[in-house]
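> just need the structure, nothing else, for what follows:
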Amino acid sequence: QVQLVESGGGLVQAGGSLRLSCAVSGRTFSRYTMGWFRQAPGKEREFVAAINDNGGSTFYADSVKGRFTISRDNAKNTVYLQMNSLKPEDTAVYYCAADRDRFSVVSFRKSYDYWGQGTQVTVSS
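Numbering: from 1, shown residues only. Below you'll find the predicted structure:
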């Protein structure tokens, strides 16, 4: 059973930064495409960023491009989301997810096979 555990969320002022981490159990982390999604109250879960299995390709939602950076450390079975220049509209629960299929569409929620429980990010104005 693959388990994903997010950490690093919290309360930050607008313009500030946070770094989220997602630790993944199991021996096949390096084969997964990893993604970050977020869900604000009353809204659907939306794609934020993704990174392919070897870290060579990254993908971002337009709303976070230039402010957020996704990265991974396959030796540590961990994926990161560095969030800079945070805005109040970034407030949401952030989820990491793992996709076993390297050819699926990374921005589709249904592409992902495993999900973490989420970590709250709150940006005050």
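> quick check, central residue of the chain?
Closest to where the C-alpha atoms of the chain average out (CA atoms, centre = their mean) is residue 36, at 2.2 Å.
> surely residue 115 meets residue 6?
No: counting by CB atoms under 8 Å, residue 6 is not a contact partner of residue 115; they are 9.8 Å apart. Quick note: C-beta positions are derived from backbone N, CA and C, even for glycine.
> settle it for me: which of these two has more neighbours?
residue 6 (22 against 17; other CB atoms under 10 Å).
> quick check: the more buried one is in a strand.
Yes: under DSSP: H, G, I helix; E, B strand; the rest coil, residue 6 sits within a strand.
> so what's it bridging to?
Applying DSSP bridges to residue 6 yields these beta-bridge partners: residue 22.
> please report how far it lies from residue 73.
Between residue 6 and residue 73 the distance is 15 Å, computed by CB to CB, to the nearest Å.
> and if you look at residue 54?
In terms of CB to CB, residue 54 sits 12 Å off from residue 73.
> got it, and residue 44?
From residue 44 over to residue 73 the distance is 30 Å, taken as CB to CB.
> higher neighbour count, the two?
The residue with more neighbours, out of residue 44 and residue 73, is residue 73; 12 against 8, by other CB under 10 Å.
> so who does the more buried one touch?
79-80 (CB atoms under 8 Å, 6 or more residues apart in numbering).
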